[in-house]
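Engineer: Generate coordinates for the sequence data below:
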Amino acid sequence: MKPVLTFLIIFVLSLNLYAQSPEETRFARSSFGLGLGIPYGILGINGEFAVWNNFSITGGVGTTILAGVGYNVGGKYYFRNVGNTWRPRISAYYGTNAVAVVIGGNSDDDRTFSGITFGIGQQWMWGKNKSHGIDLDILYIASSKVFDRTDENGRVKFSIGYRMGF
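Structural biologist: Next comes the predicted model:
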C-alpha cells in the first residue's frame, strides 16, 4: 500500500501548486473518478492531477470484490491540451493488475497480483470548464506474477470511468 500513500502525499502537496496556476487556464486540469478497471483498483476511485501541461500523475484504490483491496499508481500523457473535449492519451501504471479466484476453494486462496500495465485511451470532458467526463482505456499487462502461476493469457484489459474535473 506504500505506492497509494506516496500518491496521496504528492497529491495533497501539489494542490498548492494548482492554486497558483495562471487565471487564463480555467478548464478542469485534474479530476476524480469512479470506474471499473486497473486504473480504478479494479472497482473503485481514481484521482488524477496535472503536474505539467499534458502530463498527469494518477492513483486509484478499490476492491477486487473477492480478493481484497486493489491499487494502482502511475502517469498519463495526453496528446491534446486541457480544454479540448476529446483527449487521447497513453498511460503506465504499477499496482494490482490481476486477480486469481479459486472457485469452490477457500477465500484465503483468492489472491491479487501486482505488476506493470501500459495503456492507450481517451478522455471526453464536457460541461462548464470541462468538469464532467468519461474515460476509456485499452490496457496491456506487461508484467504480473499471475502469469507465473496460471495459464492466464488475457493480457489485454479494458477500463471505463466517470470523471469529475476540478
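
Engineer: Phi first, then psi, for the residue nearest the centre of the chain.
Structural biologist: Nearest to the geometric centre of the chain sits P39, at 2.6 Å (CA atoms, centre = their mean). P39 has phi and psi values of phi -60, psi -20 when expressed as degrees, to the nearest 10.

Engineer: same deal with the one 5 residues further on?
Structural biologist: Comment: the main-chain dihedrals of G44 come out as phi -180, psi -140, following degrees, to the nearest 10.

Engineer: Next SSE downstream of the helix or strand bottoming out on mean pLDDT in the chain?
Structural biologist: Using mean pLDDT, DSSP states H and E, the weakest-scoring helix or strand in the chain turns out to be helix 2-19, at a mean of 57. Counting by DSSP states H and E, the next helix or strand C-terminal to helix 2-19 is strand 31-37.

Engineer: And the strands in this protein, which stretches?
Structural biologist: Secondary structure of the chain by DSSP state E: the strands cover 31-37, 42-50, 55-63, 69-78, 86-100, 111-126, 132-141, 156-165.

Engineer: which secondary structure elements does the third one contact?
Structural biologist: Other helices and strands packing on strand 55-63, by 3 or more CB pairs under 8 Å, 6 or more residues apart in numbering; DSSP states H and E, are helix 2-19, strand 42-50, strand 69-78, strand 86-100. In this view, the C-beta of every residue, glycine as well, is placed from N, C-alpha and C.

Engineer: now what about it, what contacts it?
Structural biologist: The contact list for strand 55-63 (CB atoms under 8 Å, 6 or more residues apart in numbering) reads 3-4, 7-8, 10-11, 30, 39-51, 69-78, 91, 93, 95.

Engineer: before we move on, the earlier item: so the residue nearest to the centre of the chain sits right up against S159, yeah?
Structural biologist: Yes: counting by CB atoms under 8 Å, S159 is a contact partner of P39 at 5.4 Å.

Engineer: remind me which residues of the protein are low pLDDT?
Structural biologist: Across the chain, the ranges flagged by pLDDT under 70 are 1-25, 104-109, 147-153.

Engineer: ok, now with 80
Structural biologist: Residues of the chain that meet the criterion pLDDT under 80 lie in 1-28, 66, 100-110, 145-153.

Engineer: Next, the distance between the ends of stretch 69-88.
Structural biologist: Stretch 69-88 has an end-to-end distance of 29 Å (CA to CA, to the nearest Å).
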